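Engineer: Sequence and computational prediction follow.
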Amino acid sequence: ILNVEQSPQSLHVQEGDSTNFTCSFPSSNFYALHWYRWETAKSPEALFVMTLNGDEKKKGRISATLNTKEGYSYLYIKGSQPEDSATYLCAFMNTDKLIFGTGTRLQVFP
Amino acid sequence: DTAVSQTPKYLVTQMGNDKSIKCEQNLGHDTMYWYKQDSKKFLKIMFSYNNKELIINETVPNRFSPKSPDKAHLNLHINSLELGDSAVYFCASSQGTSGGAYIQYFGAGTRLSVL
């Protein structure tokens, strides 16, 4: 059974704080690692897709790193804003399908 | 314009009924998916179609039958609904599947409640 684990499960931060979450996945048969942002009552939206060990991606204040040898990825948010409040999902691509973690629910208070 | 649209958004029905959920994408993608969000909030793949051909079928009961009339549509038909089928079902699409580098675009979900 392939498991993707995310931690923490939830996080509450003040506006302006920087934060990060972890995604752990199996280190064998790695094809890709996806990060999605999921706001309540909306569809999950892709943030990043990473395929190479050592990949770093950035989109505005959000960035992600990838270590395929040890099986983890970090997502960083710099200077959190209330609009960053959402669930952040990672998903591990194993051969032909995405296996999702349960997400980290982030709440940013003004 | 919504890229991946599912209908209906909510579906409340009795046990034993047959129901369908429709999905359409206007992105020109080749691959479409159905996911089920289970009680622990995991998104789990059910089916995937590439150019109208089934490529993933994840040990889903055969009461669930996907149908892809063309590559822009992937409908999910469920026969003899059971209480345990209550969940949120998400449709998604991507440009391809090879290597996992294609992001998936999700619909807004259909909340199915079986009474």
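Structural biologist: Arrived safely, thanks for sending.
Engineer: how about the strands in the chain?
Structural biologist: Picked chain A for this. Assigned by DSSP state E, chain A shows strands spanning A:5-7, A:10-14, A:19-24, A:30-38, A:45-50, A:56-59, A:62-67, A:72-77, A:86-94, A:97-100, A:104-109.
Engineer: Sorry, I should have been clearer: chain B.
Structural biologist: Under DSSP E, chain B gives strands at B:4-7, B:10-13, B:19-25, B:31-37, B:43-50, B:53-57, B:64-70, B:73-78, B:87-94, B:105-106, B:110-114.
Engineer: between these, which gets the lowest average pLDDT?
Structural biologist: Ranked by mean pLDDT, those bottom out at strand B:53-57, with a mean of 85.
Engineer: buried stuff in that strand?
Structural biologist: By neighbour count on 16 or more other C-beta atoms under 10 Å in any protein chain shown, the buried set for strand B:53-57 is residue B:56. Using the backbone N, CA and C atoms, a C-beta is placed for each residue, glycine as well.
Engineer: just stretch A:34-54 next, same as before
Structural biologist: Neighbour-count burial for stretch A:34-54 [16+ other C-beta under 10 Å]: A:34-38, A:43-44, A:46-51.
Engineer: Also stretch B:64-74?
Structural biologist: Result for stretch B:64-74 [16+ other C-beta under 10 Å]: buried residues B:64, B:66, B:68, B:71, B:72, B:73, B:74.
Engineer: Correct me if wrong: the first one contacts residue B:77.
Structural biologist: Yes. Between residue B:64 and residue B:77 there is a contact under C-beta atoms under 8 Å: 7.5 Å.
Engineer: what's the spacing between the nearest residue to residue B:115 once chain neighbours are set aside and residue B:58?
Structural biologist: Leaving out its chain neighbours, the residue that sits closest to residue B:115 by C-beta to C-beta, 6 or more residues apart in numbering or on different chains is residue B:14, at 5.7 Å. Separation of residue B:14 from residue B:58 (C-beta to C-beta, to the nearest Å): 26 Å.
Engineer: ok, the two, which is more surrounded?
Structural biologist: residue B:58 (13 against 9; other C-beta atoms under 10 Å in any protein chain shown).
Engineer: is it true that the more buried one touches residue B:36?
Structural biologist: No. Using C-beta under 8 Å, residue B:58 is not in contact with residue B:36; the gap is 9.3 Å.
Engineer: what do these two both touch?
Structural biologist: B:44, B:46 (C-beta atoms under 8 Å, 6 or more residues apart in numbering or on different chains).
Engineer: Paired strands for the helix or strand bottoming out on mean pLDDT in chain A, with orientation please.
Structural biologist: For chain A, counting by mean pLDDT, DSSP states H and E, strand A:97-100 ranks last in confidence among helices and strands (a mean of 88). Here strand A:97-100 has these sheet partners by DSSP bridges: strand A:86-94 (antiparallel).
Engineer: What's the mean pLDDT across the partner strand?
Structural biologist: 92.
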